[in-house]
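1. give me the fold of what follows.
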Amino acid sequence: MSSSIEENKALIRRFFNAIETGNLQVLDEIVTEGYDDHLPGQTPGREILKKYFAALRSAFPDLTLPISAIVAEGDRVAVLNSIRGTHKGEFIGLKPSGRGIDAMAFQLYRIEDGKLAEHWEVADFALLMRQLQG
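-> So this is what the prediction gives:
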């Protein structure tokens, strides 16, 4: 089953909305069970992904991922977005600082049978760390 370009873009927007609202059970409907995140140290799997975002939302309860650009072709969707939020919970060993974060990220997703199957990301983690550490 193939998806249209617009359906693929809508799937990404639904995914981002689920993360922003903390409605992570939606991921059961829109992410493959064997989802491969391709992030260093990240084990594949939808349940791992849900735990990752639950922890991220715990650290940044007001997390938003505003999309600046979204482009799709075939089974791929590319997204340029910001990562914004306030550090109110522990994050990678850092105690809550109350500081805001605002950095850019580029995401590439592969869609399979109408669900997210793979993800690659390039983000300005150095900027995020500088913002968290003051």
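2. just the element for the nearest residue to residue 27 once chain neighbours are set aside, please.
-> Nearest residue to residue 27, sequence neighbours excluded (CB to CB, 6 or more residues apart in numbering): residue 50, at 5.5 Å. From N, CA and C alone the C-beta is placed, and that goes for glycine too. Using DSSP states H and E, residue 50 sits in helix 46-59.
3. got a list of contacts for that helix?
-> 19, 22, 24, 27-28, 31-35, 37, 42, 63, 85, 87-91, 96 (CB atoms under 8 Å, 6 or more residues apart in numbering).
4. distance of residue 8 from residue 51?
-> Distance, residue 8 to residue 51, by CB to CB, to the nearest Å: 25 Å.
5. of the two, which one has the most company?
-> Comparing residue 8 with residue 51 by other CB atoms under 10 Å, the one with more neighbours is residue 8, at 22 against 12.
6. any idea of the mean pLDDT for the lengthiest strand in the chain?
-> Longest strand in the chain by number of residues, with DSSP state E as the criterion: strand 100-112. Strand 100-112 carries an average pLDDT of 97.
7. the helices in the protein, which residues?
-> Secondary structure of the chain (DSSP state H): helices located at 5-21, 27-30, 46-59, 125-133.
8. so how many other residues sit close to residue 107?
-> 20.
9. what's opposite it in the beta bridge?
-> Counting by DSSP bridges, residue 107 is bridged to residue 79, residue 121.
10. surely it and residue 121 touch.
-> Yes: between residue 107 and residue 121 there is a contact under CB atoms under 8 Å: 5.2 Å.
11. where in this protein is pLDDT low?
-> 1-3 (pLDDT under 70).
12. give me the neighbour count for residue 95.
-> Neighbour count of residue 95, defined by other CB under 10 Å: 8.
13. and it, what are its phi and psi?
-> Backbone torsions for residue 95, taken as degrees, to the nearest 10, come to phi -70, psi 150.
14. measure it to residue 132 for me?
-> 10 Å.
15. go on, residue 25?
-> 29 Å.
16. of those two, who's got more company?
-> Under the neighbour definition other CB under 10 Å, residue 25 and residue 132 were set side by side, and residue 132 has more, 17 against 9.
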